[in-house]
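Colleague: Give me a 3D structure for the following:
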Amino acid sequence: MKGLFITIEGLDGAGKTTQIAFIKEYLINRGYNVIVTREPGGTRIGEKIRNIILDRENEEMCGMTEALLYAASRAQHVSEVIIPAIERGNVVLCDRFVDSSIVYQGAGRGLGYNIIKTINDFATNYLEPNLTIFFDIPPEITVERIKASRQSDRLEQEEIHFHKKVYEEYKELAKKFPNRIKIVKADNTVENIKNDIEVIIKELLEA
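Modeller: Numbering: from 1, shown residues only. Prediction:
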């Protein structure tokens, strides 16, 4: 029996880490073997690529280089971790996947949907998640959270207009793929967010 592939999307500062821990616990309590991973990264090679992408000193990196580095990390991730885990019957819970590249490099960097989709179809061999949960929270809130919590990485330190473009593209993707992408309002209470997630996960498992 094959497993499931669930991805978590949203702006940095949307509270994804907290809710990923909740989803993992929820699934484990129902007897599922869960693997939590992230992008960029998830493998030894991918983590090295992540360091290059997010390094604040790499200011001269062009948008296409950025997009190809994400795709390279993702290709290794899919081949080494995600596909083998799914084939073992595990649930793979991944913090970010192709949607992140579409919104950050496609919209944020202005490369466009089609070229990012083509690059990543090749990198992932057309792998798509069974479910994507998008944590919807305005960029004005997430930018303030990041400033208050830690030093920002190269993408987090972009100006607010960049994050607004990313946010709007996330909402467009949710409209385009409503069967796969489910929206959770992330500016809600923690308990309400958990309740919304639980409904979404139950629907997937029952299907």
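
Colleague: So which residues of this structure form helices?
Modeller: Along the chain, counting by DSSP state H, helices occupy 16-28, 44-54, 63-77, 83-87, 98-101, 113-124, 139-149, 160-176, 190-206.

Colleague: In CSV: those, plus distance to residue 5 and mean pLDDT.
Modeller: Heads up, the C-betas are built off the backbone N, CA and C, glycines and all. Shown next, in CSV, are the helices of the chain (distance: least, C-beta to C-beta, whole Å; pLDDT from 0 to 100):
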stretch, distance to residue 5, mean pLDDT
helix 16-28, 13, 94
helix 44-54, 17, 96
helix 63-77, 12, 98
helix 83-87, 6, 98
helix 98-101, 11, 98
helix 113-124, 11, 98
helix 139-149, 25, 71
helix 160-176, 17, 94
helix 190-206, 11, 95
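
Colleague: Check those helices for me and report the most buried one.
Modeller: For those, the largest average neighbour count (mean count of other C-beta atoms under 10 Å) is found in helix 98-101, namely a mean of 25.

Colleague: Show residues contacting that one.
Modeller: With C-beta atoms under 8 Å, 6 or more residues apart in numbering as the test, helix 98-101 has contacts from 7, 9, 39, 67, 70-71, 74, 116-117, 119-120, 124, 128, 132, 134, 170, 173, 181.

Colleague: can we see that at 7 Å?
Modeller: 7, 9, 39, 67, 70-71, 116, 120, 124, 132, 173 (C-beta atoms under 7 Å, 6 or more residues apart in numbering).

Colleague: what's the answer for stretch 4-22, then?
Modeller: Applying C-beta under 7 Å, 6+ apart, the contact partners of stretch 4-22 are 36, 82, 86, 91-97, 99-100, 129-135, 137, 139, 142, 145-146, 156, 163, 166-167, 170, 186, 193-194, 197.

Colleague: Over to stretch 76-95?
Modeller: The contact list for stretch 76-95 (C-beta under 7 Å, 6+ apart) reads 1-8, 16, 20, 23-24, 27, 32-39, 42-43, 45-46, 124, 127.

Colleague: before we move on, back to that, show me the one of the helices of the chain that comes nearest residue 107.
Modeller: Of all these, it is helix 160-176 that lies closest to residue 107, at 3.6 Å by C-beta to C-beta.

Colleague: who does that closest one touch, helix- and strand-wise?
Modeller: When contacts are defined as 3 or more C-beta pairs under 7 Å, 6 or more residues apart in numbering; DSSP states H and E, helix 160-176 packs onto helix 139-149, strand 181-185.

Colleague: So for the shortest one, mean pLDDT?
Modeller: Computed over strand 181-185, the mean pLDDT rounds to 97.

Colleague: Dump the C-alpha coordinates for that strand into PDB.
Modeller: Extracted in PDB, the C-alpha atoms of strand 181-185 (Å, rounded to 0.1, in the frame of the first residue of the first chain):
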ATOM      1  CA  ILE A 181      -4.900  23.200  -1.900                       C
ATOM      2  CA  LYS A 182      -7.000  23.800   1.300                       C
ATOM      3  CA  ILE A 183      -6.800  27.100   3.000                       C
ATOM      4  CA  VAL A 184      -6.500  27.600   6.800                       C
ATOM      5  CA  LYS A 185      -6.700  31.100   8.200                       C
END
